[in-house]
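A.B. asks: quick one: sequence plus predicted model below, questions after.
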Amino acid sequence: MIAKLSNFLTRSSSIAVVAFFFILLLIFISVIIPKLNNLMSEVSAGMGSPDTLVLYSHKKLYQIASAYGVNGRLMYIETRIKYDVAWPIIYTLFFITSISWFGRNILSPDSKAGYANILPVFAALFDFSENISVSLVMYLFPEKEIVLSNIASYSTFLKWLFVSSSMAVLFIFVFLFTWKQIKNLAKKTGKV
């Protein structure tokens, strides 16, 4: 199943699709995310948002929830519904299509390294898990649900683990693709 999904994603990725998701990613990173971060920073008395942390305890999560206040917690939930559904989808599709396209151009067709284009799917799944569990913690506050807050914490950590892994794979693939292009150009010009 993983092989079929990976192969489908590789076949579906083109440079135009990569460029499209790259533009969407840039719009989110440069316009929407800074606004959300500023908004959350204001309502949290500078504590920020749990989804920007890599590791946190359930105590830390409840400190953040307390700092948000009633309106801040409601705003947090609202922003997860309005914006943080699109964000994981956009970065996941960018990573999937980019890793797939570069992988297709540097790896042999039977290389297991091509399966790395599945990593971003796990990032999105843990991002959604994080959003749901943190939103529930915010909604239920001041009631403390330790299981829910632990799910939130582990989901955040695993999200960042898979996002970082996806970035690392993409950087390696881009480097190898660039190196391959330089070698091909050198062969064509007779400098090798």
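C.D. replies: Thanks, I have it.

A.B. asks: and the lowest-mean-pLDDT helix or strand in the chain, which residues are buried?
C.D. replies: Lowest by mean pLDDT, DSSP states H and E among the helices and strands of the chain is helix 33-43, with a mean of 80. By neighbour count with 16 or more other Cβ atoms under 10 Å, helix 33-43 contains the buried residues Leu36, Met40, Val43. C-beta coordinates here come from the backbone N, C-alpha and C atoms, glycine included.

A.B. asks: pLDDT weak spots in this protein?
C.D. replies: Along the chain, segments meeting pLDDT under 70 span 191-192.

A.B. asks: if you set the cut-off to 50 instead, what comes out?
C.D. replies: Flagging of the chain using pLDDT under 50 yields an empty set of residue ranges.

A.B. asks: which helix runs longest in it?
C.D. replies: Secondary structure assigned by DSSP state H gives helix 146-188 as the longest helix of the chain.

A.B. asks: tell me what that helix is packed against?
C.D. replies: Under the contact definition 3 or more Cβ pairs under 8 Å, 6 or more residues apart in numbering; DSSP states H and E, helix 146-188 sits against helix 58-82, helix 86-106, helix 119-140.

A.B. asks: re earlier: adding distance to Ile96, write the buried residues of helix 33-43 out as JSON lines.
C.D. replies: As requested, the buried residues of helix 33-43 are exported to JSON lines (distance: Cβ to Cβ, whole Å):
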{"residue": "Leu36", "distance to Ile96": "23"}
{"residue": "Met40", "distance to Ile96": "27"}
{"residue": "Val43", "distance to Ile96": "33"}
